[in-house]
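# Only the shape, not the letters, is given here:
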């Protein structure tokens with residue numbers, strides 16, 4: 001198909017469904033962060049869920065807002081409790 005890489009097939013679609021957790025410090029509440037869906041606290045880090053497809057744009061946005069990403073980890077499904 002035109003414009004698609006041979007490397008993006010079934011694996012590419014599952015990559016788009018992955019969610020990552022960004023741990024961010026140094027964000028301050030201001031006019032820009034008032035539009036977020038979560039409050040920003042000055043005293044601690046916040047955790048943000050970021051889809052794989054938006055990772056780069058979120059990194060740039062966090063940097064513009066004066067924050068620092070201190071950790072990125074994949075969000076994993078909670079393991080099912082054994083029935084017994």
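That came through, no problem. Given the structure is predicted, the values throughout are model-derived calculations rather than measurements.
# Residue ranges in the protein under the pLDDT threshold?
For the chain, the stretches flagged by pLDDT under 70 are 1-16, 28-43, 77-84.
# So which residues of it form helices?
In the chain, the segments counted as helices under DSSP state H are 10-16, 55-64.
# List the buried residues of the longest one.
When you say that, I think you mean helix 55-64. 58-59, 62 (16 or more other C-beta atoms under 10 Å). All C-beta atoms are positioned from the backbone trio N, CA, C, and that covers glycine.
# Tell me where the protein has strands.
Ranges of strands in the chain, per DSSP state E, are 19-25, 46-51, 68-74.
# Just the buried positions in the shortest one, please.
Buried residues in strand 46-51, counting neighbours by 16+ other C-beta under 10 Å, are found at 46, 48, 50.
# Can you report how many residues neighbour the closest residue to residue 46 other than its chain neighbours?
Spatial nearest neighbour of residue 46, excluding adjacent residues (C-beta to C-beta, 6 or more residues apart in numbering): residue 24 at 5.4 Å. Neighbour count of residue 24, defined by other C-beta atoms under 10 Å: 20.
# And for residue 20?
Residues near residue 20, counting by other C-beta under 10 Å: 16.
# tell me the contacts of it?
49-52, 55, 72-75 (C-beta atoms under 8 Å, 6 or more residues apart in numbering).
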